[in-house]
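A.B. asks: predicted model and sequence below, questions to follow.
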Amino acid sequence: MRGYFFKSLTGFSFILMFSVLFSCGKKCNPDFVGVRDSGDIVADSKIKPSCGGLMSSHPDSLTITGVHPYAGRMSYSINDSEIQAVDYNQYSVLAYPLSVNTCAGIEREVTIDNAAQTVLYKIKISQCGDSPESVFLENYVLVPNVDGFQVTREVEYNNM
């Protein structure tokens, strides 16, 4: 029963997130609404935590590798295929919580420099500045294994 509740809660969270993100008013329309990924983010991947609210106690960012306390709580799918546990020998999960307005476009780009063992995670948010409502997004991305790398995050908010 508990597993069903969390799956339902996760599904409801995704439906709520997308319905809010796709409900732009006519006064303000960013170039696009939704999420675009590029760089070293695993293409067409979606992270599916076992429960919501993991990032609410971490206002900053996290790099989740095999030794992280949340490692066992992360699953993923590619192209909405079968959900599977994250193989931390192959992948890592980057998380950066965001508060965005209800009409927003989010561009996420990860650049990994293996020689320098660094990661740059850029997030650009284009949103309507006069929107009275905002939503909290846990904002997870799946990337190749970056265990031990220095991760830097750059976040840019563009209010329209």
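C.D. replies: Cool, the structure landed. Keep in mind that what you see is a predicted model, and the values were worked out from it rather than measured.

A.B. asks: pick out the residue nearest the middle of the chain.
C.D. replies: Centroid-nearest residue in the chain: residue 139, 2.2 Å away (criterion: Cα atoms, centre = their mean).

A.B. asks: just checking, it touches residue 95?
C.D. replies: Yes: contact criterion Cβ atoms under 8 Å: residue 139 and residue 95 qualify, at 6.4 Å. (C-beta placed from N, C-alpha, C; glycine too.)

A.B. asks: got a list of what the residue nearest to the centre of the chain touches?
C.D. replies: Going by Cβ atoms under 8 Å, 6 or more residues apart in numbering, residue 139 touches 55, 95, 96, 97, 98, 106, 108, 123.

A.B. asks: that one and residue 82, how far apart?
C.D. replies: Distance, residue 139 to residue 82, by Cβ to Cβ, to the nearest Å: 23 Å.

A.B. asks: related to what we said a few turns ago, by pLDDT, rank the contacts of residue 139 and give me the bottom one.
C.D. replies: Looking at the contacts of residue 139 by pLDDT, the weakest one is residue 55, with 68.

A.B. asks: quick check: next helix or strand after the least confident helix or strand in the chain by mean pLDDT?
C.D. replies: Every helix and strand of the chain was ranked by mean pLDDT, DSSP states H and E. The lowest is helix 2-21, at a mean of 46. Downstream of helix 2-21, the first helix or strand assigned by DSSP states H and E is strand 34-39.
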